[in-house]
Structure formats: structure tokens, C-alpha cells
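> Everything below, folded, please.
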Amino acid sequence: MGGSSWPSETQLNEIREIVSEMSGRGREQVRVVASPYRICPLGAHIDHQGGIVSAMTINRGILLGFVPSGDNQVILRSGQFKGGVRFRIDEVLCPMNNGNDASKRDEESDWGSYARGAVYALQSKKTCLVQGIIGYICGTEGMDCSGISSSAAVGVAYLMALENANNLIVSSEENIEFDRLIENEFWGLRNGILDQSAILLSSYGSLLCMNCKTKEHKLVHPPKLGKNHETEWQEVYKILLAFSGLKQALTENSGYNRRVGECQEAATVLLNASGNGAAEPVLSNVEPEAYQTHKYLLKPNLAKRAEHFFSENMRVIKGLEAWASGRFKDFGTLITESGLSSIQNYECGSKPFRQLREIVLRAPGVFGSRFSGAGFRGCCVAMVDANLAAEAASFVREEYSKLQPDLASHLNQEHAVVICEAGDCARVI
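Below you'll find the predicted structure:
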């Protein structure tokens with residue numbers, strides 16, 4: 001089967017040239033981590049409760065060119081943010097949420113904290129780092145606040161670069177845990193392991209299914225469609241990303257962490273009612289039968305969170321069957337239902353986001369659409385008929401500008417709606 005079209009040789013050569021100038025090393029010595037962005041067609045907002053999720057990477061993402069520094073220094077530059085970052089790998093690093101107000105931080109001033117978070121995570125597991133890196137990092141233009149897990153892609157990139165520079169052999173499963181430490185402990189975000197799992201475990205053209213309770217995963221392949229089955233599925237659908245112009249980090253929005261807490265509160269009520277009060281208060285520990293029997297005990301907001309969890313779990317199971325059968329329209333219908341539950345039961349998404357989703361659903365050839373990420377910023381993701389993808393993109397761009405002219409004016413129109421293809425897992429090139 002063919003591979004992902006990203007990154008291109010031109011992109012790789014540009015980064016190698018920059019790192020070569022930064023370090024004084026030859027271009028042939030520069031290594032590049034390609035850490036892709038991901039989409040979550042089904043399984044939204046349930047990974048932190050041990051739910052079943054689906055994901056795939058796209059042919060866009062983070063590129064981190066680097067060479068081993070030869071000493072204890074980490075020296076970095078960014079293609080998106082001003083200034084450089086320099087620190088030592090033997091520094092004692094403290095979590096960003098330790099006594100700091102997350103709402104006062106911004107990506108412009110804190111972009112280097114992801115590298116520090118990677119060192120923190122490796123230090124926490126007593127991993128031996130003997131040298132740092134000299135590196136240059138950049139993301140796909142227009143997607144740094146996209147809601148398609150640029151933060152997880154950045155964290156994974158730094159982990160893989162530091163490990164490679166120190167000749168460490170680390171499994172994908174171990175890096176999932178390391179990136180969880182960056183997100184949960186270093187940044188103080190109460191999310192699950194979906195993002196880093198998708199980035200590290202995906203395979204080109206397949207749908208990743210992961211049980212976030214057991215950590216078991218599998219890859220679901222599309223069906224063989226004929227003589228040219230290895231490439232024919234690529235001609236059936238494309239991935240459309242429509243950007244809202246909203247920019248707000250999860251750590252700046254208490255609504256995200258509050259919803260996680262409400263899920264846990266709902267689990268506590270249901271577990272106590274079913275005689276399993278000693279179990280960890282996550283909804284995956286509640287049997288579906290117990291939920292149906294005792295859901296009347298839940299306060300309205302907790303009932304909505306629980307309903308989203310159990311209905312979304314079922315949508316994932318149905319979606320995996322549709323994907324394996326090549327029923328992409330049915331798969332898209334489930335994506336749309338997931339998006340509606342995210343609005344009604346998980347109660348995320350602002351008015352511009354909801355308007356954007358409705359526009360995307362009206363676009364020619366769209367099979368289904370939902371918010372990407374937590375619905376507080378970023379984009380809507382959709383599966384669209386490959387033959388109508390360009391027409392759909394034009395429709396969305398024009399209609400959103402009519403309803404939200406101010407937000408649309410802040411978008412680079414070239415990147416306001418992007419057509420992507422499936423990607424591969426994170427790797428060192």
C-alpha cells in the first residue's frame with residue numbers, strides 16, 4: 001500500500017537546512033520527527049472515562065528537525081513563535097500548573113514548555129538523558145489552534161527527538177504514557193490518552209480503535225474494493241477541516257475540566273447505586289444495565305454526561321462495523337449523531353461552532369461532520385465524497401463568511417477550509 005504524502009521532500013530539506021545552520025552540522029546529520037495531527041471521527045469526550053474511541057491521523061502535522069546537542073543543552077527555534085528556547089536537561093522541572101494561573105498563559109510565550117514537559121516526563125520515569133537537542137519545530141500553517149491535537153503532536157515530537165538523540169528504545173505504549181504525563185501532570189489538563197494513542201499507533205489508511213480502559217487497540221482496515229484495492233479506497237473519501245477562527249487553549253477553559261468532573265460524579269452515583277462504590281469513579285466501570293436501571297438518580301447535567309458516554313460508546317462500535325464494510329455514508333451518519341450528542345449532552349461548542357457544523361453538513365458530498373477536539377476552539381471535521389471535496393470546501397468558506405464575517409476575516413482564506421487525506425503514525429526520518 002502507498003504511504004502518506006506528508007511530509008514532502010521539499011519540507012524535509014528546508015528543515016534540514018535550518019537545523020544545519022543552527023548547529024553547524026551537515027544536513028545529512030539532521031533527523032526529522034514527523035508527528036501527525038489526528039481526527040477523532042467517533043468516541044468524542046469519552047477517552048478520559050475509559051471509553052472506546054476511534055481515530056486516524058492526517059497528512060498534516062508537526063515537523064521537528066534536530067541533531068543531538070552533544071551536551072546537556074536543549075536549544076530550540078520555532079516556525080510559528082518568536083524567540084528561542086534554551087534550558088538544560090539536568091534542570092529540576094516543575095509542572096506548569098504548580099501555583100500558576102493557566103488562564104494567564106499563552107502559547108506565544110510558553111511554546112518551549114512542551115519541550116520542558118517532555119524532559120519532565122522522561123525524568124519522572126528515571127529515564128537517563130545524557131544530551132539534549134538542537135532543533136527547529138514547525139507545524140502545518142494555519143493549524144496551530146485547530147483542535148486536532150497539535151499539543152499532543154508537539155509533545156510526541158519532543159519525546160521522540162530526545163529519545164533518538166540519547167539512543168533510547170521506547171515503545172509506542174511507553175510514549176503514550178510519557179505524553180499523558182506532559183498533558184495531565186505538567187500542563188494540568190484532565191484529558192485521556194486518545195490523542196497521543198492516535199499519533200503513535202495509527203497506520204496509513206486504517207481506523208484505530210482503542211479501549212481506553214484496557215489500553216487494548218486494533219487497526220480496522222477498509223475493505224478490498226476491487227483489482228486496485230490498495231489505492232481505490234483513497235478515491236472514495238477525503239477529510240475536510242473547516243476552521244472557526246476561535247482560539248482558546250483547553251487549559252484556559254474551566255468548562256473542559258468541569259465536564260470531566262461531572263462524568264466522574266455521575267459514575268460515583270451509578271456505582272454506589274449498583275453496589276460497586278469501591279470501583280474507580282469512571283463511567284466505563286458502570287455496566288450499561290446498571291446505567292439504565294439507576295440513571296433516574298442523576299441530576300440533569302450528570303444525566304446528560306452519562307447519556308453521551310453510553311450512546312457514544314455504541315456509536316463507536318457501530319462505526320467500526322460500517323468502516324470495515326466500506327459503508328462510509330453510514331459511518332458519516334454516526335459522526336453527525338456524535339456531533340449532535342456533543343452539543344446536546346456534553347454541552348460543548350459555541351454559537352459560531354454550531355453554525356459552522358450546520359454549514360458543513362449542508363455542503364455537497366459531506367457524509368457527516370462533528371467538532372474536532374473539545375469544541376472550545378479550532379475546527380469541524382467531516383468526511384466528504386472525494387469527487388465533491390473541492391466544491392464542498394468552496395461552499396463552506398463562502399457560507400461561513402456570511403454568518404461570521406468577523407471570525408472569518410481573521411482566517412487565512414487559503415487555509416480556512418482544508419482537504420486532507422489519511423496519514424501515518426509518528427516517526428523519525
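> Now whichever strand or helix holds residue 291 - C-alpha only, PDB.
With secondary structure defined by DSSP states H and E, residue 291 is part of helix 288-294. Extracted C-alpha coordinates of helix 288-294, given in PDB (Å, rounded to 0.1, in the frame of the first residue of the first chain):
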ATOM      1  CA  PRO A 288     -24.800  -0.500  30.700                       C
ATOM      2  CA  GLU A 289     -27.600  -2.400  32.500                       C
ATOM      3  CA  ALA A 290     -26.800  -0.600  35.800                       C
ATOM      4  CA  TYR A 291     -26.900   2.700  33.900                       C
ATOM      5  CA  GLN A 292     -30.300   2.000  32.600                       C
ATOM      6  CA  THR A 293     -31.600   0.900  36.000                       C
ATOM      7  CA  HIS A 294     -30.200   3.800  38.000                       C
END
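> ok, and what's touching that helix?
Helix 288-294 is contacted from outside by 269-271, 273-274, 276, 306, 310, using CB atoms under 8 Å, 6 or more residues apart in numbering. Quick note: C-beta positions are derived from backbone N, CA and C, even for glycine.
> Would you show me how to pick out the buried ones of the residues you listed in PyMOL?
In PyMOL syntax, the buried subset of the contacts of helix 288-294 is picked out as below (16 or more other CB atoms under 10 Å):
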select buried, resi 269+270+271+273+274+306+310
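> Relative to residue 63, which of the contacts of helix 288-294 is nearest.
For the contacts of helix 288-294, the minimum distance to residue 63 (CB to CB) is 39.3 Å, reached by residue 310.
> list the helices and strands the strand or helix carrying the closest one packs on?
Assigned by DSSP H and E, residue 310 belongs to helix 300-324. With contacts taken as 3 or more CB pairs under 8 Å, 6 or more residues apart in numbering; DSSP states H and E, helix 300-324 sits against strand 52-68, strand 207-211, strand 217-220, helix 254-273, helix 288-294, helix 328-344.
> buried sites along that helix?
302-310, 312-313, 315-316, 319-320, 322-323.
> for stretch 121-129, same thing?
121-123, 127, 129.
> Now residue 200, what are its backbone angles?
Here is the backbone geometry of residue 200 (degrees, to the nearest 10): phi -100, psi -20.
> Show the pLDDT at it.
Here, the pLDDT recorded for residue 200 equals 96.
> what's the answer for residue 120, then?
At residue 120, pLDDT is 93.
> Could you do the one 4 residues further on as well?
On pLDDT, residue 124 comes in at 88.
> Neighbours of the nearest residue to it once chain neighbours are set aside, how many?
Among residues not flanking residue 124 along the chain, residue 181 sits closest, at 5.9 Å (CB to CB, 6 or more residues apart in numbering). Per other CB atoms under 10 Å, the neighbour tally for residue 181 reads 21.
> wait, is residue 181 part of a helix?
Yes - counting by DSSP: H, G, I helix; E, B strand; the rest coil, residue 181 is located in a helix.
> Contacts only, for it.
By CB under 8 Å, 6+ apart, the contact list for residue 181 reads 117, 120-121, 124-125.
> quick one on the thing from earlier: can you pull the buried residues of the helix holding residue 291?
290-291, 294.
> Is residue 305 in contact with residue 348, as I believe?
No - in this structure residue 305 lies outside contact range of residue 348 using CB atoms under 8 Å: 10.9 Å.
> shared neighbours of the two, which are they?
Joint contacts of residue 305 and residue 348 (CB under 8 Å, 6+ apart) are residue 259.
> coming back round to it: ok, of the buried residues of helix 288-294, which one's closest to residue 410?
residue 291 (42.3 Å).
> and the gap between the closest one and residue 380?
Distance of residue 291 to residue 380, given as CB to CB, to the nearest Å: 29 Å.
> same check, this time on residue 365
15 Å.
> Between those two, tell me which one has more neighbours.
Shown here are residue 365 and residue 380; by other CB under 10 Å, residue 380 has more neighbours (29 against 19).
> May I ask you to confirm that that one is in contact with residue 358?
No - under the criterion of CB under 8 Å, residue 380 is not in contact with residue 358, lying 9.5 Å apart.
> could you pull out the strands for the stretch 51-200 of the chain?
Using DSSP state E, counting those that start in this stretch, the strands found in the stretch 51-200 of the chain span residues 52-68, 73-78, 84-88, 133-139.
> Give me the contact list for the shortest one.
If you take CB under 8 Å, 6+ apart as the criterion, strand 84-88 is touched by 72-78, 111-112, 115-116, 119, 132.
> one more time with 7 Å
Residues from elsewhere that reach strand 84-88 (CB atoms under 7 Å, 6 or more residues apart in numbering): 72-77, 112, 115-116.
> Would you mind listing which of those residues are buried?
Buried among the contacts of strand 84-88 (16+ other CB under 10 Å): 74-77, 112, 115-116.
> Is it possible to get CSV of those residues that adds distance to residue 59 and pLDDT?
Below are these laid out as CSV (distance: CB to CB, whole Å; pLDDT from 0 to 100):
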residue, distance to residue 59, pLDDT
74, 29, 97
75, 29, 97
76, 25, 97
77, 24, 96
112, 27, 88
115, 25, 95
116, 29, 94
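> end to end, how far does stretch 402-413 reach?
With CA to CA, to the nearest Å as the measure, the ends of stretch 402-413 fall 14 Å from one another.
> So, low pLDDT: which residues of the protein?
Where the chain drops to pLDDT under 70, the residues are 1-4, 97-109, 142, 144-147, 149, 225-234, 248-254, 373-377.
> host element of the residue in the chain sticking out farthest from the centre?
Going by CA atoms, centre = their mean, the residue of the chain most distant from its centre is residue 275, 35.8 Å out. Secondary structure assignment for residue 275, by DSSP H and E: no helix or strand.
> Would you report the backbone torsion angles of it?
phi 80, psi 20.
> mind listing the helices in the stretch 1-150 of the chain by residue range?
Using DSSP state H, counting those that start in this stretch, the helices found in the stretch 1-150 of the chain span residues 9-23, 107-110, 113-124, 150-165.
> Kindly reformat those as CSV containing distance to residue 34.
Shown next, in CSV, are the helices of the stretch 1-150 of the chain (distance: least, CB to CB, whole Å):
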stretch, distance to residue 34
helix 9-23, 9
helix 107-110, 21
helix 113-124, 16
helix 150-165, 8
